[in-house]
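K.L.:
Here is the input, now give the coordinates:
(one chain, ligands or ions: 1)
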Amino acid sequence: MGIFAVGLFASYFMEEFNMTFTDQLHEQAATLWQQSFDHPFIQQISAGTLPKAVFRFYLLQDRYYLSEFGKLHEQVASQVTNPKGRTFLLEGAQGLKDGEIAVRKGFFETLQISKQEIAQTPVAPTAYNYVNHMYAELYRGTPGRAIAGLLPCYWLYNEIGKRLIAAGSPDALYQQWIETYDSDGYTDSVQKMIALTNETAARTDADERTAMAASFVRSSAYELAFWQMAMDRQSWQAG
Ligand SMILES: Cc1ncc(C[n+]2csc(CCO)c2C)c(N)n1
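P.N.:
Modelled structure (predicted):
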C-alpha cells in the first residue's frame, strides 16, 4: 500500500474517531432527512401553497402526537438514572404543555378546529405507528433507545426551521409554524437533547448503540411518512 493510501486510510479513521455518536446518527439518517427537506409538504409550506385542508389534517394528527410525546418524556424520565437527564426530560414535558401545544391553540382557532372535531378525528396509521414505535423502544427496549427515538423530532424540525426561515413563507400561518422551530429557546433544547443522547450512548456498549441508531433511523422514517400521511389524508380504510 502506498504512503498516500495509508494516509487516506488514517484520515478516514481519524474522522470516524472524532465523530460524536449523534454525528453518526445524523449521517445514517441523512437520506431520509433530505427527503423531508425536499418533501412537497415542506416545499409548499415555504411557497405558501400548501392546501389548508392538508395543514388541518397534519395539525389534528400532530395534536395526538404531541400529547403522547409529552407523556413519553415523563415515562422515559421515570426510568432515567442520570439526574440532569431526568430534569431535562421533565422540563421538556412541561415545555410541551406550555409551548408547542399552546402555540397550536392559536392555529386551531385560526383554522376553526373545534373540540368536537378533535374528539371525532381518528388517529391515522402513521401517527399511531410513530407513537407506538417510541413506546416500544422504551417498554420492549431501554430508556436509551427511547431517547434516540425522541431525538429526530427535536433535531429534524430545527433543521427544517433553519432552512425555511431565510426565505420565509408568504402565508402568515405557515410563517408562524416555521418560526416555532427557529427560536433560540428551542435551538437550546435541541442541543440539550443531543447532549443527553451522547451521554447515554457513552455509558453503554456497542450493541446498545446499534439499537439506539436503529431507533433514531426509524423515527426519521416516520417523520418523513408523517408529511405524506397529511398529503394523502391517510386513513385505515383501503382506497
Ligand atoms: C410529527 C412531529 N415531529 C416533530 C415535531 C416537532 N416537535 C414536537 S415536540 C418537540 C419538542 C419541543 O417542543 C418538537 C420539536 C412535531 N410537532 N411533530
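
K.L.:
And for stretch 80-90, what's in contact with it?
P.N.:
73-74, 76-78, 143, 147, 192-193, 196, 199-200, 203 (C-beta atoms under 8 Å, 6 or more residues apart in numbering). From N, CA and C alone the C-beta is placed, and that goes for glycine too.

K.L.:
three-state assignment of residue 173?
P.N.:
Here residue 173 is helix, with the state taken from DSSP: H, G, I helix; E, B strand; the rest coil.

K.L.:
Quick check: closest non-adjacent residue to residue 126.
P.N.:
residue 229 (3.9 Å; C-beta to C-beta, 6 or more residues apart in numbering).

K.L.:
Let's verify residue 26: helix, strand, or coil?
P.N.:
Residue 26 is classified as helix under three-state DSSP.

K.L.:
what about it, distance to the ligand?
P.N.:
Residue 26 is 16 Å from the ligand, where distance means C-beta to the nearest ligand atom, to the nearest Å.

K.L.:
residues touching the residue nearest the centre of the chain, list them.
P.N.:
Nearest to the mean C-alpha position of the chain, counting by C-alpha atoms, centre = their mean, stands residue 153 at 1.0 Å. With contact set as C-beta under 8 Å, 6+ apart, residue 153 has these partners: 69, 219, 223.

K.L.:
helix or strand for it, which one?
P.N.:
helix 143-165 (DSSP states H and E).

K.L.:
Check the contacts of stretch 80-90 for burial and list the buried ones.
P.N.:
Buried members of these, counted by 16 or more other C-beta atoms under 10 Å: 73, 76-77, 143, 147, 192-193, 196, 200.

K.L.:
which two from these end up farthest apart in space?
P.N.:
Across the buried ones among the contacts of stretch 80-90, no pair lies farther apart than 143 and 192, at 16.0 Å, counting by C-beta to C-beta.

K.L.:
ok, back up a step: packing partners for the host helix or strand of the residue nearest to residue 126?
P.N.:
Assigned by DSSP H and E, residue 229 belongs to helix 206-232. Secondary-structure packing of helix 206-232 (3 or more C-beta pairs under 8 Å, 6 or more residues apart in numbering; DSSP states H and E): helix 21-28, helix 30-37, helix 40-47, helix 52-77, helix 125-139, helix 143-165, helix 184-202.

K.L.:
mind running it again at 6 Å?
P.N.:
Counting contacts by 3 or more C-beta pairs under 6 Å, 6 or more residues apart in numbering; DSSP states H and E, helix 206-232 is packed against helix 21-28, helix 30-37, helix 52-77, helix 125-139, helix 143-165.

K.L.:
Just give the closest residue to residue 148, not the sequence neighbours.
P.N.:
Once flanking residues are discounted, residue 148 sits nearest to residue 212: 3.8 Å by C-beta to C-beta, 6+ apart.

K.L.:
What number of residues are in the vicinity of the one you found?
P.N.:
Applying other C-beta atoms under 10 Å, we find 27 other residues in the vicinity of residue 212.

K.L.:
isn't it right up against residue 144?
P.N.:
Yes. Counting by C-beta atoms under 6 Å, residue 212 touches residue 144, with 5.5 Å between them.

K.L.:
ok so, going back, out of the contacts of residue 153, which are close to the ligand?
P.N.:
With C-beta under 6 Å from any ligand atom as the criterion, the contacts of residue 153 include 69, 223 near the ligand.

K.L.:
Least confident of the contacts of residue 153?
P.N.:
Taking these together, the minimum pLDDT is found at residue 69 (95).

K.L.:
Neighbour count for the contacts of residue 153 - can I get that in CSV?
P.N.:
Shown next, in CSV, are these (neighbours: other C-beta atoms under 10 Å):
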residue, neighbour count
69, 20
219, 24
223, 23
